[in-house]
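K.L.:
with the input below, show me the fold.
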Amino acid sequence: MAPAELISPRSPRVAAARRLARRTFRGKERRFIAEGPQAVREAAAHRGDDGATLLELFTTVEAAERYPDIVEAARAAGALVHLAADEVLTEVSHTVTPQGLVGVCRFLDTPFEQILAAGPRLVAVLSNVRDPGNAGTVLRCADAAGADAVVLTDASVDLYNPKSVRASVGSLFHLPVAVGVPVEQVVAGLSGVGVRMLAADGAGERDVDTELDEGLLGGPTGWIFGNEAWGLPAQTRALADAVVRVPIHGRAESLNLATAAAVCLYASARAQRVSGGCRSVTPS
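P.N.:
Coordinates of the predicted model:
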């Protein structure tokens, strides 16, 4: 393929994509970066209220030949496809070793009121979660467990941080995510539509096993997960209907946030499957 067809590293489009590394520019432009074949494939398939989510695709010639289906899906979604040299991918990418596909996407967060109106049965709430990798991984766990939504409170990390997007491995495009909602409003709103709110905390008087044994996880449930270092403050725990810990049966001191979230969400998913309430995207 002729070099003249490659987009120039000095192109204004390259400069605009590069600026999306900064939260200020992401918020101003309401655009973010999705990297790698899985994320770009999901972005190309996603449509929001404003239309197609994937707006532009930067791809090396090699990646375009390796993933022709993704390039075609991007074009079908109306995205501008730019053939780019490796140096361009390095500039617009946020990984040490780019995978040859970088998409510029439209913001896709969902208004919290819309999540409430849908009558959710399983929701993950990230309260004061600051690590972008953890946030993205919890989002992925919520998606895998069949949750109906994820909410990031106003004190949590930016949903569109490149590390969050990458850690979600495409799950960002699979379920509604609300951002910037005060935790008090989250709890009041979900409680108001019949969701039982559980604070996940190592100091909880109850544990996940007890909740399951007593049949308490089969109904609509919202799990509140706290900061990686200090967990949930007392005032947030006080908002919940119960404070629940993941039981430690061995000698480990604790579980990290994402692992604990996976245990809690899957416990709810199992209970709700028995009661017929959890959505499922996997054929049984």
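K.L.:
tell me where this structure has helices.
P.N.:
For the chain, the helices defined by DSSP state H occupy 12-19, 23-29, 36-45, 61-66, 68-76, 86-92, 112-117, 132-144, 162-168, 183-192, 208-213, 234-237, 257-275.
K.L.:
quick one, the third one and helix 68-76 angle?
P.N.:
Relative orientation of helix 36-45 with respect to helix 68-76: 30 degrees, computed using axes from the mean of the first three to the mean of the last three C-alpha atoms, to 10 degrees.
K.L.:
could I get the helices of the chain as a markdown table with distance to Glu228?
P.N.:
In short, each C-beta sits where N, CA and C put it, glycine included. Listed next are those as a markdown table, based on distance: least, C-beta to C-beta, whole Å:
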| stretch | distance to Glu228 |
| --- | --- |
| helix 12-19 | 29 |
| helix 23-29 | 19 |
| helix 36-45 | 23 |
| helix 61-66 | 34 |
| helix 68-76 | 33 |
| helix 86-92 | 29 |
| helix 112-117 | 23 |
| helix 132-144 | 6 |
| helix 162-168 | 13 |
| helix 183-192 | 16 |
| helix 208-213 | 19 |
| helix 234-237 | 15 |
| helix 257-275 | 5 |
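K.L.:
ok, which of those helices comes nearest Gln99?
P.N.:
Nearest of these to Gln99, taken as C-beta to C-beta: helix 36-45 at 4.5 Å.
K.L.:
what's the local residue count around Leu116?
P.N.:
Counted with other C-beta atoms under 10 Å, residues neighbouring Leu116 total 18.
K.L.:
same check, this time on the one 4 residues further on
P.N.:
Other residues within reach of Pro120, judged by other C-beta under 10 Å, total 22.
K.L.:
thought Asp207 was touching Pro247, still the case?
P.N.:
Yes - with contact defined as C-beta atoms under 8 Å, Pro247 counts as touching Asp207 (4.4 Å).
K.L.:
who's more crowded, those two?
P.N.:
Asp207 (14 against 11).
K.L.:
so Leu152 makes contact with Val123?
P.N.:
No - counting by C-beta under 8 Å, Leu152 does not reach Val123; the two are 11.6 Å apart.
K.L.:
between the two, what contacts are shared?
P.N.:
Shared contacts of Leu152 and Val123 (C-beta atoms under 8 Å, 6 or more residues apart in numbering): none.
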